[in-house]
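Asker: model the structure of this input:
(one chain, ligands or ions: 1)
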Amino acid sequence: MASSPLRLAHARALLQRAGVELPPADSPDEVQAIIDALCELSERDALTGLPNRRAFLARLAQELDRSTRSGETSLLLMFDIDHFKGVNDTHGHLAGDAVIRTVAAILSEHVRPMDTVARLGGEEFGVLLPQCSVGAGAVLAERLRAAVESHPIGLPDGKVTLRVTVSVGGAYSPPWVRTSVERWLERADRQLYMAKRQGRNRVCIEAVPVSDVSAEEKQLLFAWTPPDGLIIDAADAT
Ligand SMILES: Nc1nc2c(ncn2[C@@H]2O[C@H](COP(=O)(O)OP(=O)(O)OP(=O)(O)O)[C@@H](O)[C@H]2O)c(=O)[nH]1
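Answerer: Predicted structure coming up:
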């Protein structure tokens, strides 16, 4: 189906407003370039340029598939800026935006290239650390927390410099067991809630990966019977 020139022009204008460079109108690769750019834009957070919640959830699903197969744990961290409403109330919304952008940049600078930092919404960020052992997780999370705390943030008026802190909650993907993205997020969120309740500016992470599977998944796991003729020997499974 041919694209309407009017709709294409509308998409082009929208993308140009967002600062996206496109090939000249009516060039052979124009339509594909517009589709690619719209897809890219739909996965970015406009304020920080980070992956948005939608992109992050897709990334988590991919990581769950991988860790279910490989048996390696991955760590999901949720960051929430402490008392952020106070920043907006005292210094204004633009200052609040500058703080969000700076925290995004600090988190991005302090993770490995294989990790993902995303803005989940408001003053909340998600960080995915694939192939992260239980021992390493708490150290990495603490390093990120300390990096935010120690970084002075200059506000747009050029006069005020602020420091903010973050509370961090974390949960590991359970190795070998298929859990859902929602459950993984819920578990990390529970830890974040604990970090807030215990006084903020701290990291709370589940001590061990929790093999938390849904009722349907349990049903699938335990109701499964080997097909006729297939003998499973526990000793073979090692
Ligand atoms: N400047 C700015 N503010 C935002 C944005 N999104 C959400 N907010 C504000 O973030 C604030 C969040 O405040 P609360 O949820 O009360 O949390 P808090 O003040 O950080 O307190 P704790 O989380 O309990 O430490 C609200 O005032 C929102 O209006 C944004 O994109 N820009």
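
Asker: who's in contact with residue 40?
Answerer: residue 20 (C-beta atoms under 8 Å, 6 or more residues apart in numbering). Yep, even glycine has a C-beta here, placed from its N, CA and C like the rest.

Asker: helix or strand for it, which one?
Answerer: If you go by DSSP states H and E, residue 40 is part of helix 30-42.

Asker: mind listing what's buried in that helix?
Answerer: 30, 33, 34, 37 (16 or more other C-beta atoms under 10 Å).

Asker: just stretch 4-14 next, same as before
Answerer: For stretch 4-14, by 16+ other C-beta under 10 Å, it's 8, 11, 12.

Asker: again with stretch 120-137
Answerer: Going by neighbour count (16+ other C-beta under 10 Å), the buried part of stretch 120-137 is 120, 123, 124, 125, 126, 127, 128, 129, 130, 131, 132, 137.

Asker: next step: those restricted to strands.
Answerer: Taking DSSP state E as the definition of strands, the buried residues of stretch 120-137 contribute 120, 124, 125, 126, 127, 128, 129.

Asker: pull the contacting residues for the residue of the chain found nearest the ligand.
Answerer: Among all residues of the chain, residue 96 sits closest to the ligand, at 2.6 Å; criterion: C-beta to the nearest ligand atom. By C-beta under 8 Å, 6+ apart, the residues touching residue 96 are 84, 87, 88, 123.

Asker: repeat that with 10 Å
Answerer: 81, 84, 85, 86, 87, 88, 89, 90, 122, 123, 155 (C-beta atoms under 10 Å, 6 or more residues apart in numbering).

Asker: could you work out the most separated pair of these?
Answerer: 122 and 155 (18.8 Å; C-beta to C-beta).

Asker: in a strand, residue 167, correct?
Answerer: Yes. Looking at residue 167 with DSSP: H, G, I helix; E, B strand; the rest coil, it is inside a strand.

Asker: does it really touch residue 82, like I thought?
Answerer: Yes. Between residue 167 and residue 82 there is a contact under C-beta atoms under 10 Å: 5.8 Å.

Asker: so which of the buried residues of stretch 120-137 are also by the ligand?
Answerer: Applying C-beta under 6 Å from any ligand atom, the subset of these adjacent to the ligand comprises residue 123.

Asker: and the contacts of residue 96, which is closest to residue 51?
Answerer: residue 122 (15.6 Å).

Asker: who are the contact partners of the residue most central in space within the chain?
Answerer: The centre of the chain sits closest to residue 126, judged by C-alpha atoms, centre = their mean, with a distance of 3.5 Å. Neighbouring residues of residue 126 by C-beta under 10 Å, 6+ apart: 50-51, 53, 56-57, 59-60, 76-79, 107, 116-120, 185, 188.

Asker: sweet, I'm off.
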